[in-house]
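Undergrad: I would like the atomic coordinates for the input below:
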Amino acid sequence: MVGCGFIRSAGCSCTPALRFTPEGLPLGLTAAKFWTRTKFKGTNALKRRINPTRVPIEEKESYRWLENMRQSAALLGEPDRLVHIGDRENDIYEFFCEAQAIGTHFLVRTCVDRLAGDGDHTIADEMSEVSVQAIHRVAVSKDDHADIELRYRRIQVLPPIGKQKRYPPLSLTVLHARECGAPEGRAPVDWRLITDLPVTTPDQAIEKLDWYAQRWKIELFHKILKSGCRAEDARLRTADRLANLIAIFCILSWRLFWVTMINRAAPAASPKLALTDDEIALIDHLAASRNRAPMGRTLSDYLTQIARLGGYLARAHDPPPGNIVIWRGWSRLMDIKIGANAIRSTYG
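TA: The predicted structure is shown next:
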């Protein structure tokens, strides 16, 4: 699966695409589109004078979603195995058409009630006729859950009126997931998803919900990029320099995110999966200097030691370390490593 997001620094904006497994393990970056605006103020007033549906997609900022999809599909080489996941900003009819043209798939949270069927009604009209086909319970938080009503149907979706000569109708699956009742203290879960993939059973509908839930991983990646690397605080003077810096930060942020998630996906793996021999030896030395019992030799044991450097308490009932403590611990480990290398080169 491939998910996209958005970050801005000193006028230079970046939309990275991150590839991850259905279980949520980030595998790497597949694309990154850098762009700038010529105008920041008055854009809302401009929308009131110009109908956005009449503007070619190539002239819009949202064209970056199509470019990232093309680049990701070309890089990975098997577009039919990819599912491009996007939020409501990615609800673009041209995106749906382009996905079918290059033979890939998409799952997008929709915000537009498009024309459907023969054009005399909308998607919402047609979905209102669909009865509840399943109820699925999901965990919202540690102490909260939600019972979700699932409705789904294959619908012929029409392009916007101003673009019907350029783009064909598409046969797409619309999936509505709405929480039963109104919970206290939070808004009810209400997802309206659209995909080119078939959904004919409750299990397939639940699978698509689980896939879309993984889209939140791109927000965690952005948290590392913005809070850890402080990418938005960069004050370089040219767009080229900012683009180079953010590109490096993207790779670093993915690496730290991957380290956090691989600790949960494969805790019993060898530490060499994520660490060099020098880093393993350094962590062994740090653990021995604390006069503690001999530590284990798994990947989880070593990453826990790194997280402890970042403030992780490692109590018996604590969850696995998260991105923040891994980031802090990794920064301290790199400082210690630089010091150790300096001492080794000076004193042997």
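Undergrad: contacts and neighbour counts: CA atoms only from here.
TA: Will do.
Undergrad: Work out for me the element the most centrally placed residue in the chain sits within.
TA: Residue closest to the average C-alpha location in the chain (Cα atoms, centre = their mean): Ile218, at 2.3 Å. Secondary-structure element containing Ile218, defined by DSSP states H and E: helix 216-223.
Undergrad: how much space between Gly24 and Lys217?
TA: Note on Gly24: its distance to Lys217, by Cα to Cα, to the nearest Å, is 7 Å.
Undergrad: What of Ile336?
TA: Distance of Ile336 to Lys217, given as Cα to Cα: 30 Å.
Undergrad: Not counting sequence-adjacent ones, nearest residue to Gly119?
TA: Among residues not flanking Gly119 along the chain, Leu158 sits closest, at 7.2 Å (Cα to Cα, 6 or more residues apart in numbering).
Undergrad: Longest strand of the chain, counting residues only.
TA: strand 144-157 (DSSP state E).
Undergrad: Work out the sheet partners of whatever helix or strand comes next after that strand and label each with its direction, please.
TA: Next helix or strand after strand 144-157 toward the C-terminus (DSSP H and E): strand 170-179. With DSSP bridges as the test, strand 170-179 is paired with strand 144-157 (antiparallel), strand 190-195 (antiparallel).
Undergrad: Mean pLDDT, distance to Leu76 and mean neighbour count added to the ones you listed, as CSV?
TA: Below are the strands paired with strand 170-179 laid out as CSV (pLDDT from 0 to 100; distance: least, Cα to Cα, whole Å; neighbours: other Cα atoms under 10 Å):
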stretch, mean pLDDT, distance to Leu76, mean neighbour count
strand 144-157, 93, 29, 19
strand 190-195, 96, 21, 20
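Undergrad: From the contact counts, what lies against the helix or strand harbouring Pro16?
TA: Per DSSP H and E, Pro16 falls inside strand 12-20. Packing contacts for strand 12-20, counted by 3 or more Cα pairs under 8 Å, 6 or more residues apart in numbering; DSSP states H and E, involve strand 2-4, strand 7-9, strand 26-36, helix 63-76, helix 239-265.
Undergrad: and the angle from that strand to helix 239-265?
TA: Here the directions of strand 12-20 and helix 239-265 differ by 30 degrees (axes from the mean of the first three to the mean of the last three Cα atoms, to 10 degrees).
Undergrad: So in that sheet, which strands flank strand 12-20, and in what orientation?
TA: strand 2-4 (antiparallel), strand 7-9 (antiparallel), strand 26-36 (antiparallel).
Undergrad: what mean pLDDT does the second one have?
TA: Summarised as a single mean, pLDDT over strand 7-9 is 59.
Undergrad: How many residues are close by Ile283?
TA: A count of neighbours around Ile283, defined by other Cα atoms under 10 Å, yields 19.
Undergrad: Go through whichever strand or helix holds it and flag the buried ones.
TA: Using DSSP H and E, Ile283 falls within helix 277-289. By 16 or more other Cα atoms under 10 Å, the buried positions in helix 277-289 come out as 279-280, 282-284, 286-287.
Undergrad: What lies in contact with the longest strand of the chain?
TA: Residues outside strand 144-157 that contact it (Cα atoms under 8 Å, 6 or more residues apart in numbering) are 114-117, 123, 127, 130-140, 169-180, 189, 198-200, 202, 205.
Undergrad: just to revisit the earlier point, and the helices and strands packed on strand 12-20, which is most packed in?
TA: Compared across those, strand 2-4 shows the largest average neighbour count, a mean of 27 (mean count of other Cα atoms under 10 Å).
Undergrad: Please work out the average pLDDT along it.
TA: Predicted confidence along strand 2-4 averages 63 (mean pLDDT).
Undergrad: One more: stretch 56-72?
TA: 88.
Undergrad: rewinding a little: for the helices and strands packed on strand 12-20, give me a markdown table that also has distance to His145.
TA: Shown next, in a markdown table, are the helices and strands packed on strand 12-20 (distance: least, Cα to Cα, whole Å):
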| stretch | distance to His145 |
| --- | --- |
| strand 2-4 | 25 |
| strand 7-9 | 31 |
| strand 26-36 | 26 |
| helix 63-76 | 33 |
| helix 239-265 | 23 |
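Undergrad: Settle it for me: which of Ile336 and Lys217 has more neighbours?
TA: Lys217 (19 against 16).
Undergrad: so what's Met261 closest to, chain neighbours aside?
TA: Leu25 (5.9 Å).
Undergrad: What's the local residue count around the one you found?
TA: Other residues lying near Leu25 total 19 when counted by other Cα under 10 Å.
Undergrad: Ala182 too?
TA: Applying other Cα under 10 Å, we find 11 other residues in the vicinity of Ala182.
Undergrad: and the nearest residue to it once chain neighbours are set aside, helix, strand or coil?
TA: Leaving aside its sequence neighbours, Ala182 sits nearest to Pro188 (Cα to Cα, 6+ apart; 5.9 Å). Under DSSP: H, G, I helix; E, B strand; the rest coil, Pro188 falls in the coil class.
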